[in-house]
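Student: From the sequence below, what's the structure:
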Amino acid sequence: MLIIRDFKEINHDIKSAVTIGTFDGIHLGHRKIIDKLISVSRNNVERSIVITFEPHPQIILKNRVHEIKILSTLDEKLEIFKKLGIDIAYVINFNIEFSKTSAEDFYLKYLINGTGLSDLVIGYDHMFGKNREGNFNTLNNLSEKYGFRIYKVDEYKHKNRHVSSTTIRHLLEDKGDVNTASIFLDRNYSIEGKVTEGRKLGREIGFPTANIILTSDYKLLPKIGVYAVTVEIEGNTYKGMLSIGINPTVSKDGLLKIEVNIFDFNENIYGKKVRINFLEYLRDEVKFDSLEELKKQLYADKEESLKIINN
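Tutor: The predicted structure follows:
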């Protein structure tokens, strides 16, 4: 897959099937659009192009950094686009100036002149241009004016439940429901980060943990609690359990921490990048009366995690 950040990097004379969107999470609704894109491109012998934005438009438009949490970083999205068979990923730098582009100017500059647009695949709720002034009716007029075909993909529902990025954020952040989120995403929700040195308190009770610092400030963290997880390090996958919380039993600083206990693992991974895949929510964070009580619970958590992971 070719990744570009300027339409000048590709040949505009080659016909293209194109879709456009933020695609945060690339959930089943997004997959339906992308599957249609690939089908159209193959049927018409065209290249497939996905246009997406970096950063997430809401980060720029709402300007409330700490309130905006994303399901997928750009690297994660590009990795999935490649696996799905997209030919070209066109990443547009989203900024205030870009957000002021009118609907017609946007399509003319970035799609029609920029990609050799022949077929356009969009979702049922696609809106675009300054203040989201462009809609499906606008596109119909543009398609007649500039000569491209439009394919509108209907809303996707799973068991009569609307699948959207907003729904998935709610499942993860408010409920810790990583199971349903994984169904909607068609994969386990994951976070990436670097391992940093902690206080090594877990080691004293037989459960050494790796402290994780997220690689993206905007990445959504699931609800506070303990989870069964798998951990990917340098191409290898390990079993483990992860805590998101303030560790009230052993810590008084009140700071949120992400700590993972990797089972049967004793390597030095400080400074290394890890990916953590969430499998199931185990329990809420609890303040125990003693380290012995905490240790007893951790053994139970490990046993439950192994049952889930090995199932």
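
Student: Give the closest residue to I269 in space, chain neighbours not counted.
Tutor: Of all residues not flanking I269 in the chain, V195 sits nearest, at 4.9 Å (Cβ to Cβ, 6 or more residues apart in numbering). Yep, even glycine has a C-beta here, placed from its N, CA and C like the rest.

Student: Equivalent analysis for I258, please.
Tutor: Distance criterion Cβ to Cβ, 6+ apart; nearest residue to I258, sequence neighbours excluded, is I212 at 4.2 Å.

Student: In contact with the one you found, which residues are there?
Tutor: Contact analysis of I212 by Cβ atoms under 8 Å, 6 or more residues apart in numbering lists 191, 193-196, 258-260, 274, 276.

Student: Just the buried ones from those?
Tutor: Buried residues within the contacts of I212, counting neighbours by 16 or more other Cβ atoms under 10 Å: 191, 193-195, 258-260, 274, 276.

Student: What strands flank the helix or strand where A228 lies, and is each parallel or antiparallel?
Tutor: Using DSSP states H and E, A228 sits within strand 225-233. Applying DSSP bridges, strand 225-233 is found paired with strand 236-245 (antiparallel), strand 273-283 (antiparallel).

Student: Can you pull the poorly scored residue ranges out of this structure?
Tutor: Applying pLDDT under 70 to the chain flags residues 63-66, 200-202.

Student: how about the nearest residue to D177 once chain neighbours are set aside, what does it touch?
Tutor: Ranked by Cβ to Cβ, 6+ apart and with sequence neighbours excluded, the top spatial neighbour of D177 is L171, at 4.3 Å. Contact analysis of L171 by Cβ under 8 Å, 6+ apart lists 177-178, 180-181, 184.

Student: contacting residues around stretch 149-169?
Tutor: 22, 24-25, 27-29, 32-33, 36, 40, 69, 71, 118-126, 136, 139-140, 143, 181, 183-185, 189, 220.

Student: Drop anything exposed from the residues you listed.
Tutor: Burial by neighbour count, judged by 16+ other Cβ under 10 Å, picks out 22, 24-25, 27-29, 32-33, 36, 40, 69, 71, 118-123, 126, 139, 143, 181, 183-185, 189, 220 from the contacts of stretch 149-169.

Student: Among the residues you listed, name the ones in strands.
Tutor: Judged by DSSP state E, the buried ones among the contacts of stretch 149-169 include 118-123 as members of strands.

Student: Return the closest of these with respect to P57.
Tutor: Checking these against P57 by Cβ to Cβ gives G123 as the nearest, at 15.1 Å.

Student: Surely that closest one is in contact with H27?
Tutor: No: between G123 and H27 there is no contact under Cβ atoms under 8 Å: 11.4 Å.

Student: follow-up on the earlier one: what separation is there between the residue nearest to D177 and I224?
Tutor: Taking Cβ to Cβ, to the nearest Å as the measure, L171 falls 15 Å from I224.

Student: what's the answer for F106, then?
Tutor: Separation of F106 from I224 (Cβ to Cβ): 40 Å.

Student: Compare these two (neighbour count), which wins?
Tutor: Just comparing F106 and I224: by other Cβ atoms under 10 Å the higher neighbour count belongs to F106, 21 against 14.
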